[in-house]
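here are the coordinates; sequence isn't available:
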C-alpha cells in the first residue's frame, strides 16, 4: 500500500514538474505535505532535506558566485572578448566557448550565461552578427563544463552529498575532471564546427544606441485591414518598397514566423517586428502600409522622439521581477517606461495582453524609455538591458580580493584541507566581511525556488527508499536486462537519466534516481560508484529541449530559437555524452 501511495505521489510530481501547472517550489511543498498526510514519512523525515548539506552548500556557492560578478572580477575577460573578436564570427564563437566553458567549470553556470548574453548581444550589435549563432552554443558548453568539477553544477554537489548519506565516499573536487574535461572539450569542438551549420541566422532585435540621424529603432508594425501589403511576401514586399528596413519576424496570433527561413504571406492582423530609422518608420506609416499597435495607454510613444530609446529587457534568475505584474514593476522602476510587447519563450505576448502578465525567468520585455532614464533602468538591476555589455559594477576595487577568496576556496577543497560545505561557508563570510558583497545582495543571490525544489525531492527520495519502492523500480528496470553485464545496465541507466533530465530539472532527476541506482547496484552485486557517477553525467545531458536546463530557457528569447533548434543541435550532444559516459565511466570507476 505504501509503495502504491509513494508511486502515485511520484507520478503526480513528475506531471507537475513537466507541465509546470504549479510553480516548482510549490510543487516541492506539496510533495512534503502529501508524504506527511499519507503517513509515509514522519514530519522529521519529510523535512530532513532542510538538514541536508547539499541545499546549503549550493546556496553558499550562489552567494560566492554573485560576489565575483558584483566586484567585476570577470570584467576584464568580457572586455577582452569584445576587443579581440574583431567582428569575426568564427573567432567570437571560439572565444565564447573557451571562456564560458572555463568559467562554468568553477562557477554556477546560470550567472555566467546571464553575463555572456549581454556580452554576445553587445558584440553582435557592434558588428552586425546574429546572436542566434552564439547563445545556444554557450548555454550547451556551460552545461558540459559543469560536469568537470564538483562545484561546476549544483547537481554534482547534490549527488555527492546524497550518496554520502547512504554511506558512500563523497565526490572529490576534481574526481569528475578526468572524464568531464575531455567530454566538455569534445562537445566544444562539435559546437564550433557544427553549430554554425545547424543554427538559424535570426537577426534578433539589437539596438544601436548611438545618437544621430542613423539611430535605428525596433518597432512592431500592425498590418491593418486596408494595408497594401496584404497577400504579399513579407520580406519581398518590404525589400521592394522599403529596402533599408530590416524585418526580423512576423507574429501571427501565438505563432512566430521567420521570413528569413521561407516565404511568409502577410495577413490582416499580422505584426511585423522591424528595425528602422525614424524617417523610415515615418515613411511606412505615412503610406498606410502598416500602423503602430495600441497598448494600455493608446498608441505607443512616437518613434520619432530622439529623446527616447527602444530596448529589450531580459528577466534574469534571482530577480525580484520574477512573479510580479509587468505594469506594476515598470511603474515602480520608472513611470516613463512605455511597454511595446513581451516575448515568452515560444509565445508572443502583445501590448494588449501585458496588463495582467506576471513575469517569469527568460521573458523579454520590449520597451521605450527616455534616453536619460536608461542608466536608472540599468542600475535598478531587476531587468537586464540586452544591448548592455554588463550591469554596472559597484565594487571593482575589491575584485582582486574576491578572486583570492574564490581561489582559496577551490584550493582548500582540492587538497583535502576541508570539505566544500565548510570552504564555501568561509568564502561567503569573507565575501561579506571584505564588502565584496552586501548582505542584501547575498540574500538576493539565493535562488529559493531551486533550494525548495531540492528539499522537496530529497524528501521524496527518502520515501522511495523507506517504502521499498526504489528496490521495486530497480527490479523492474533490470528485468529487460536479465543476464546482461553491468556495463549494459549502466549504459541503460545513464540513458534513462538523460531522457528524464530533458523534461525534469536535473537536480530532481538526480535525487529521484539515486535510490534506484543504489538498489540496482545491490541487485547486481557490484560497486554502486559507477552508477552514481553516471547520474552526474546523465543528469547534465539535457540539451535537446529548452526546458531541460535554466540556461537553455534563458537564451530561447534573445536568440529567437525554436524547439527544433534545440533538437537539431542538442540531440547529437545528448547521444554523444551518453556514449562517452557508457564507455569510460566503468573504465575510470570500475565495478
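Sure thing, it's come through. None of the values given here were measured: they were computed from a predicted structure. Numbers count the residues shown, from 1 in each chain.

can you list the domains in the chain?
207-292, 307-385 (automatic domain parsing).

and those, which one is worst for confidence?
Among those, domain 307-385 carries the lowest mean pLDDT, a mean of 70.

just the strands in the stretch 401-550 of the chain please.
When secondary structure is read from DSSP state E, counting those that start in this stretch, the stretch 401-550 of the chain shows no strands.

hang on, residue 98 in a helix?
Yes. Counting by DSSP: H, G, I helix; E, B strand; the rest coil, residue 98 is located in a helix.

so what's it closest to, chain neighbours aside?
Closest residue in space to residue 98, ignoring its immediate chain neighbours: residue 188 at 7.3 Å, by C-beta to C-beta, 6 or more residues apart in numbering. All C-beta spots, glycine's among them, are computed from the backbone N, C-alpha and C.

I'd guessed that neighbour sits against residue 99; true?
No. Between residue 188 and residue 99 there is no contact under C-beta atoms under 8 Å: 10.9 Å.

ok, longest helix in this structure?
Ranked by residue count under DSSP state H, the longest helix found in the chain is helix 563-588.

Around residue 30, how many other residues sit close by?
If you count neighbours by other C-beta atoms under 10 Å, residue 30 ends up with 16.

just the one 5 residues further on next, same as before
Counted by other C-beta under 10 Å, the residues lying close to residue 35 total 25.

now do residue 587
Look at residue 587: counted by other C-beta under 10 Å, it has 10 neighbours.

repeat for residue 366
Neighbour count of residue 366, defined by other C-beta under 10 Å: 21.

from the chain's centre, how far out does the helix or strand it falls within sit?
Using DSSP states H and E, the secondary-structure element containing residue 366 is strand 364-370. Chain-centre distance of strand 364-370: 22 Å, with C-alpha atoms, centre = their mean, to the nearest Å.

Stretch 30-49 now?
30 Å.

List the contacts of it.
With contact meaning C-beta atoms under 8 Å, 6 or more residues apart in numbering, stretch 30-49 is reached by 2, 5-6, 9, 12-13, 16, 22, 55, 454-460, 462-463, 466-467.

Residue 9: which element?
Assigned by DSSP H and E, residue 9 falls within helix 2-19.

So the closest residue to residue 179 other than its chain neighbours versus residue 590, what's the distance?
Of all residues not flanking residue 179 in the chain, residue 584 sits nearest, at 5.4 Å (C-beta to C-beta, 6+ apart). Distance of residue 584 to residue 590, computed by C-beta to C-beta, to the nearest Å: 11 Å.

ok, now residue 187?
Remark: distance between residue 187 and residue 590 (C-beta to C-beta) = 25 Å.

So which of the two has more stuff around it?
residue 187 (25 against 10).

Settle this for me: the more buried one is touching residue 140, isn't it.
Yes. Judged on C-beta under 8 Å, residue 187 makes contact with residue 140 at a distance of 6.9 Å.

quick one: common contacting residues for those two?
Residues touching both residue 187 and residue 140 (C-beta under 8 Å, 6+ apart): residue 573.

show me what contacts residue 461?
Going by C-beta under 8 Å, 6+ apart, residue 461 touches 162, 511-512, 514-515.

Helices of the stretch 401-550 of the chain, residue ranges please.
Taking DSSP state H, counting those that start in this stretch as the criterion, the stretch 401-550 of the chain carries its helices at 420-433, 439-445, 448-467, 469-478, 486-501, 506-524, 529-539, 550-559.

I meant to write the stretch 1-150 of the chain there.
2-19, 24-37, 43-46, 53-70, 75-85, 89-104, 109-127, 135-145.

Mind checking those helices for the one nearest to residue 399?
Among the helices of the stretch 1-150 of the chain, the nearest to residue 399 by C-beta to C-beta is helix 75-85 (7.4 Å).
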